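Asker: Here's my sequence, what's the structure:
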Amino acid sequence: MSVLPLRRAVVALAALPLLALGAGQALAAPAPHPTAPAQAPAARATATQVSAIEDEVARALAGALTDAALRDRLRSATADAASGAADLGPLAAAAQGPAGRLAATTAQADRRIAAAKGLGDLGPLLRVQLADPSMRPALDAGAAPLVATAVADDHARTVRAYDTAGRVHALDATAVPGQPVYLVDIDTARTLAAGMAVLQREFGARGLDAAGGAAAANGPETAQGPGAAQAAGGWWATKISGIEVADDEEPWFKGAAEMFGLVTGFGQDGKVRVDSVAMPYLQYDGTVYHPNQILVNWSNYKYNLADVVLMEDDGDTNYLALAQAVAAVLLTIADQGAYIPLVNAVLAALPTSWWVDDPDYVESWYTLARTSSGRLNGARGNGWMTVEPYFVEQF
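Answerer: Have a look, this model is predicted:
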């Protein structure tokens, strides 16, 4: 199993009321919705825009590497960075002579990418990293590097790269090149944080984050009777004590990404509620993480059951379009006093492009309850997590 950085950032991790399911029991993964929502064209445009912008920067960077000083700074920066990736903006800003044009190109690209992803101006977003550690000796020995982008398509047969003369090289996507290759990619940790703010703002504006504080003020047995999530002096939560996601076909040209989630269900007011949860630690496949992270705050929810949907961000997610798409579907669902299966509703809201080439739907866990504990295998067989009830005490 590969240990390359996962390009899989969670785009939806939804907690939704459903019938209870025992730990480790799996259900069939839902099929993609047959019809595309209104936001699908915008999502496809986002993917095209981001890829085109990254490609422009890759070509500009390759041309700028005729500057020996810039080559040396880039080589040192990618070797010294803990993640192996260096911010391109500061490197470009220090370039002199003809290579100095790279600074303006990079700054403009940063702004265009942020806009395409539905975010405000975030400053430097583009990064550069060596495609594979095995390329370092040749690079240190003076081999001329190529520059490519971290392609989103797992099934690509070739990867387009540029040399310092602007010539295009079609690299075999199935084998690590012998020549050093720099990859231009996005700082997904930064876009994740900004995306969380956009999601929460948009869900709030549409009434999908009604607070559960009123129920807490009414005592421990208001909405759900005995054993409810509310309790004197605190509230019950579900905590992730361990999690692993598998990805057996991670190619050399893919960059790292961050994961996040959307936790949703019926709030205490009977309306659909959505909360965003960042999971920046979940970056490598085949690695078991022990985050001890709160996944569900049950005091926010009316019912004692939830679903989890794990999704992937290939770096081209438009967070604003995502929030609008999910909200448009969830707002049509009313509380009927019973456990309603909403996972398919969330997946139906996802743009059609997410089901093409790279299925951004990664995994599902059905019917999580406040009392759930132990290992829960995903329905798709692509991951598992260990959970436990956790009581959060008030000070």
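Asker: how about the helices in this protein?
Answerer: 40-64, 68-80, 88-93, 101-116, 136-140, 188-205, 213-217, 319-330, 343-349 (DSSP state H).
Asker: average model confidence for the longest one?
Answerer: Helix 40-64 carries an average pLDDT of 77.
Asker: quick thing: my sequence starts at 648, can you match it?
Answerer: Understood, numbering begins at 648; the last thing we discussed is helix 687-711.
Asker: what about the protein, any weak spots by pLDDT?
Answerer: Within the chain, the stretches with pLDDT under 70 are 648-694, 728-730, 799-801, 856-878, 894-898, 902-906, 908, 931, 959-964, 977-1008.
Asker: Tell me how many other residues surround the residue nearest to residue 819 when sequence neighbours are not counted.
Answerer: Once flanking residues are discounted, residue 819 sits nearest to residue 805: 6.7 Å by Cβ to Cβ, 6 or more residues apart in numbering. Where you see a C-beta, it was placed from the backbone N, CA and C, and this is true even at glycine. When neighbours are counted by other Cβ atoms under 10 Å, residue 805 registers 13.
Asker: Show the end-to-end separation of stretch 784-792, please.
Answerer: By Cα to Cα, to the nearest Å, the extent of stretch 784-792 from end to end equals 12 Å.
Asker: Hmm, I typed the wrong one, I wanted stretch 812-831.
Answerer: Terminal-residue distance, stretch 812-831 (Cα to Cα): 18 Å.
Asker: Equivalent analysis for stretch 806-819, please.
Answerer: Stretch 806-819 has an end-to-end distance of 7 Å (criterion: Cα to Cα).
Asker: Next, the contact list for the closest residue to residue 721 other than its chain neighbours, please.
Answerer: Leaving out its chain neighbours, the residue that sits closest to residue 721 by Cβ to Cβ, 6+ apart is residue 738, at 6.0 Å. Listed by Cβ atoms under 8 Å, 6 or more residues apart in numbering, the contact partners of residue 738 are 717, 720, 721, 724, 775.
Asker: So the third one is in contact with residue 712, correct?
Answerer: It stands for residue 721. Yes. Assessed by Cβ atoms under 8 Å, residue 721 is found in contact with residue 712 at 7.3 Å.
Asker: Other residues contacting stretch 841-853?
Answerer: 761, 764-767, 769, 856, 907, 909, 921-923, 925, 964, 966-967, 969-971, 974, 978.
Asker: mind redoing it with 7 Å?
Answerer: 765-766, 769, 856, 907, 909, 921, 923, 925, 966-967, 970-971, 974, 978 (Cβ atoms under 7 Å, 6 or more residues apart in numbering).
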